[in-house]
Structure formats: C-alpha cells, structure tokens
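J.: Sequence plus predicted model, see below.
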Amino acid sequence: MLTLAILGFLAERPMHAYELKKHIAGLAGHVRTVSDGALYPAVSRLEGSGWLTRHEEPGQGVAPRQMITLTEAGRAELLRRLRRPSTQDITDRAKFVVVLSFLSQLPDPRERIAVLRRRWDFLAEPASFFYDGTRPLRADELSDPFRRGVLTVARATRNAEKAWLEETIRELEAGTAG
C-alpha cells in the first residue's frame, strides 16, 4: 500500500517528504497511519530502485527541503501495479481504496474496467465474518445484536460498492464504444 501510494501521489506532482506523508495519511486515515520510520526507508528503497529521485530546493525558512520526483521507471512501475493489482489489493478494502485512488492514471479505460470487474467479482462471492462450519452466516441467523450489526453494515457497504462499480463500469464501457 505504501509503495503504491508514494508512486501514485508523486505521479501527480513532485513533493517533499512531509507533504507526501500528509497526503498518504489523508488517504489511509486512522486505519493505517504512516510513520517517518516507514516513509523514509520506503522512499530510499524506491529511489534505489530508480523509481524516484531527490533534489534540494530552497525551503520556506532557512533549511532547504528535499523534493521527491517520480522517474519514468517509477511511472512504469505505478502503471504495472495498477494494471495487475495483487489479489490482496483487490480483496482488502483499505488496499483497494489506494488502488482506486490512482486508477485514473491508467490511460486505457479497458484496463480500468478490468480492475473494477475483479473487485466486483470478489464482492459478488458469498462471504461473512461468521460461519457455521464452512457456511457463511447471514445477519438474520445471528442472535448476537452486535454481530448482526457487523453483518448488516458490511452488507450495506458491499451493496453500495457493487452498485457504484456497476455504474462506473457502464460509464467507462460507454466511453470506449464507438
């Protein structure tokens, strides 16, 4: 998630690390915060891979600041990750939010559609947080009101996301027809 978020935000424009950290924190929110101990090593690793470069620019105050820029190799890696997200990037809601946030970077709408269809297919599979053996339980089968609440909210969220996916896929398909 962190690598994709770094590449995605830097595809929009160069940033200094503090600004990049704020953008990532806004995207991940309280669910998965990013610390300096995670961000700076990740930036160094991506720079070592040739996906980012750093250069100094005059700062607002006295100290210069390190600006981070995406390279062409970094852009190619971003597009590769967006075209073929891992199964976990599709099935983990927080990771899919990161993929979705940068999906417009893919120039071909058909590639965007393929990613959205993978998410829709995942959401269409029967699932639950609670099981009777291997059979997923529905909210109306549970006596615990809190577990019923978990399933009720999850079903509403899943249905809303599926509806949005269907609408967006239709719009993208309409744009590619012709």
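T.: Perfect, thanks for sending it.
J.: C-alpha from now on. contacts and neighbour counts both.
T.: Will do.
J.: Can you spell out which helices and strands pack onto the helix or strand residue 7 falls within?
T.: Secondary structure assignment for residue 7, by DSSP states H and E: helix 2-12. Other helices and strands packing on helix 2-12, by 3 or more CA pairs under 8 Å, 6 or more residues apart in numbering; DSSP states H and E, are helix 17-28, helix 36-48, strand 65-70, helix 72-83, helix 93-102.
J.: Regarding this structure, what is its longest helix?
T.: For the chain, the longest helix by residue count, based on DSSP state H, is helix 145-176.
J.: So which bits of it are buried?
T.: Buried positions in helix 145-176, judged by neighbour count with 16 or more other CA atoms under 10 Å: 148, 151, 154, 155, 162, 165, 166, 169, 172.
J.: okay if I get those residues as CSV plus pLDDT?
T.: Compiled in CSV, the buried residues of helix 145-176 are given as follows (pLDDT from 0 to 100):
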residue, pLDDT
148, 94
151, 93
154, 92
155, 92
162, 97
165, 98
166, 97
169, 97
172, 96
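J.: between these, which is nearest residue 123?
T.: The closest of these to residue 123 turns out to be residue 162 (CA to CA; 7.0 Å).
J.: quick one: average pLDDT of stretch 16-24?
T.: In this model, stretch 16-24 has an average pLDDT of 89.
J.: Can you give me the buried ones in that stretch?
T.: Neighbour-count burial for stretch 16-24, counted by 16+ other CA under 10 Å, picks out 16, 17, 20, 21, 23, 24.
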